[in-house]
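1. Have a look; sequence and predicted model below, questions after that.
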Amino acid sequence: MLDLLIRGARTRGVEAPRDIGVRAGRIVQVQPGEGAARTLDAAGRLVTPALVEPHIHLDAVLTVGQPRYNLTGSLFEGIAIWGERVKSLTVEDVKQRVRQVLRWQLANGVLFVRSHVDVCDPELTALRALVEIRQEVAGQMALQLVAFPQQGILSFPDGEALMRRAVELGADVVGAIPHFELSREYGERSVKFAMTLAAERGLRVDIHCDETDDEQSRFLEVMIAETIRLGMQGRVTASHTTAMHSYNNAYAYRLVNNLRRAELHLVTNPLDNSVLQGRFDSYPIRRGHTRVKQLLAAGVNVCIGHDSVMDPWYPLGYGDPLQAASVLAHYGQMTGYEEIKTLIDMISVNAARALGLEEYGLEPGCRADLVLFDAPSEMDAVRLVAPRLAVIRGGEIVARTEPARHMVVWDGREEPVDFLRHAQG
Ligand code: FE2
């Protein structure tokens, strides 16, 4: 007897719909004729493992317009506005905003979140709030917190001590922002400091690296060298890496090969970086994201992050990885048939690998953390940014969406439309 049986699920790489069984919170092989306490009819719709958000700044969410709106939309005006807003940050203020966006993410099928948290604050207010939230939501969603020094480690007063305190307070991952440090030397030292701290404490690394259009920003090679020196292969993530877009091809070729050698994970953030990069260009304006297709072709693990939800840098968004994937389909020219399927991997299995999640997937024995999309294929899911009909955690439904019904009057008669291609038109 199963706890849950999902009938007729379309899954990655399998054309024919299949049944997925759940017992004691785990995926199990369905035996012929086996009964279930509860049945969910997927009716040929797409089912994937739970979505994974590998890069968001939860401490800044929902602050758009506080104390003022970003009129230019630029990174630098955003930093100035955040500098004003951060003065009124309290633990309760952070917690209230984060709770709201976590609910949005859950409704979108996200059960695992890695959040960067600004630690350039002697009080570590945001981190204290997020550590409490991580505990508060542990029964629903898994949170990883990155000690993220927004204003640098070497360039901010007592930056190194703050990073150590953040780790002691409970940060799971060590961050850095080398391209923002005052000098090249500080940038290199900040990477070495962060990675050594992580290695000493057995933590993972996730560094905002080369998030600039400056082709001279080359800290990713320092991350690669340190990863190999410290034996941290598979435990290190580089986020943004937009400068790679502007590197010469000879340099990029060497870099991409070394990224694979060091087993780095990369996070691209199409929503924020599509609007923040290329701001110093006259026409033509560079897209300014990382070399997603080249990295994937070389066998580097690349995943998609959301980065911001309604903050001074990005006023839009509702915490949906599928929307970010849809933007990358356009902005990264990933509309090839297989590429669209890869986009779904980039918000699920690839992101899970970057976070080091275990027992994740659709194989028997994995945790039954699943999403049912209101779409028959990956292509339709991306095209429609399809609603998540059901989000399942450990075999329990933890979020549901009732899709909108659309009606048109055609030939004087009201009839429904569903935006799917049918045999008869
Ligand atoms: Fe970021």
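-> Cool, got the structure.

2. Of all the residues in stretch 200-211, which ones are buried?
-> Neighbour counts over stretch 200-211 (16 or more other CB atoms under 10 Å) mark L203, R204, V205, D206, I207, H208, C209, D210, E211 as buried. For every residue, glycine as well, the C-beta is placed using N, CA and C.

3. Could you do stretch 75-93 as well?
-> Residues of stretch 75-93 classed as buried: L75, E77, G78, I81, W82, R85, V86, L89, V91, D93 (neighbour count, 16+ other CB under 10 Å).

4. Dump those into a markdown table; add distance to I224 and pLDDT as well.
-> Output for the buried residues of stretch 75-93, formatted as a markdown table (distance: CB to CB, whole Å; pLDDT from 0 to 100):
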| residue | distance to I224 | pLDDT |
| --- | --- | --- |
| L75 | 25 | 88 |
| E77 | 33 | 93 |
| G78 | 29 | 92 |
| I81 | 34 | 95 |
| W82 | 30 | 92 |
| R85 | 35 | 94 |
| V86 | 32 | 91 |
| L89 | 35 | 96 |
| V91 | 37 | 98 |
| D93 | 39 | 97 |
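
5. Which ones among those lie within helices?
-> L75, E77, G78, I81, W82, R85, V91, D93 (DSSP state H).

6. and which of these is nearest to T227?
-> Using CB to CB, L75 is the member of those that sits closest to T227, with 27.2 Å.

7. distance of the nearest residue to G305 once chain neighbours are set aside from P49?
-> Sequence neighbours aside, H55 is the residue nearest to G305 in space, at 2.7 Å (criterion: CB to CB, 6 or more residues apart in numbering). From H55 across to P49, the span is 18 Å (CB to CB, to the nearest Å).

8. just the helices in the chain please.
-> Going by DSSP H, the chain shows helices at 75-85, 91-107, 125-136, 159-169, 184-201, 220-230, 249-261, 270-276, 292-297, 321-331, 337-346, 349-355, 378-384.

9. Domain ranges for this protein, per the record?
-> 4-49+361-406, 51-355 (automatic domain parsing).

10. So which of the ones you listed is nearest R413?
-> Nearest to R413 among the domains of the chain is domain 4-49+361-406 (14.9 Å), distances taken as CB to CB.

11. Kindly check the end-to-end length of stretch 326-344 for me.
-> Counting by CA to CA, to the nearest Å, you get 10 Å between the two ends of stretch 326-344.

12. Mind listing what's buried along that stretch?
-> Buried, per 16+ other CB under 10 Å, within stretch 326-344: 326-329, 331-332, 334, 339-344.

13. Which two among these are spaced furthest apart?
-> Y331 and K341 (17.8 Å).

14. Which of the helices and strands in the chain ranks last by mean pLDDT?
-> Within the chain, no helix or strand scores below helix 75-85, which has a mean of 91 by mean pLDDT, DSSP states H and E.

15. which outside residues touch it?
-> 60, 63, 66-68, 70-71, 150, 276, 279, 311-313 (CB atoms under 8 Å, 6 or more residues apart in numbering).

16. Can you check what angle separates that helix from helix 91-107?
-> 130 degrees (axes from the mean of the first three to the mean of the last three CA atoms, to 10 degrees).

17. How far off centre is helix 75-85?
-> The gap between where helix 75-85 is centred and where its chain is centred comes out at 23 Å by CA atoms, centre = their mean, to the nearest Å.

18. Over to stretch 219-235?
-> Distance, centroid of stretch 219-235 to centroid of chain: 21 Å (CA atoms, centre = their mean).

19. got it, and stretch 183-195?
-> Centroid separation between stretch 183-195 and its chain, computed with CA atoms, centre = their mean, is 25 Å.

20. For that stretch, buried residues please.
-> Buried residues in stretch 183-195, counted by 16+ other CB under 10 Å: Y186, G187, E188, R189, S190, V191, K192, F193, A194, M195.

21. The fourth one contacts G152, correct?
-> No. R189 is not in contact with G152 according to CB atoms under 8 Å; the separation is 10.4 Å.

22. shared neighbours, the two?
-> With CB under 8 Å, 6+ apart applied, the overlap between the contact sets of R189 and G152 consists of E181.

23. Pairing partners for V52 in the sheet, please.
-> F112 (DSSP bridges).

24. let me redo that: R413
-> When bridges are called by DSSP bridges, R413 pairs up with W410.

25. just L46 next, same as before
-> R10.

26. Return the distance of it relative to L389.
-> For L46 relative to L389 (CB to CB), the value is 10 Å.

27. Spit out the residues that contact the two alike.
-> L372, F373.

28. quick one: which of the buried residues of stretch 200-211 is nearest P376?
-> D206 (34.9 Å).

29. and stretch 240-253, how far apart are its ends?
-> 18 Å.

30. How about it, which residues are buried there?
-> For stretch 240-253, the neighbour count (16+ other CB under 10 Å) marks H240, T241, T242, A243, M244, H245, S246, Y247, A252 as buried.

31. wait, the fifth one sits on Y251?
-> Yep, that's M244 we're talking about. No. Using CB under 8 Å as the test, M244 is too far from Y251 to be in contact (9.1 Å).

32. got a list of what E53 touches?
-> Q105, V110, F112, V113, R114, G305, H306, G319, P321, A351.

33. Name the nearest residue to L5, ignoring sequence neighbours.
-> Nearest residue to L5, sequence neighbours excluded (CB to CB, 6+ apart): A36, at 3.6 Å.

34. Next one, pLDDT for G278 please.
-> As predicted, G278 sits at a pLDDT of 93.

35. check contacts around it.
-> Per CB under 8 Å, 6+ apart, neighbours of G278: D213, I285, R286, R287, G288.
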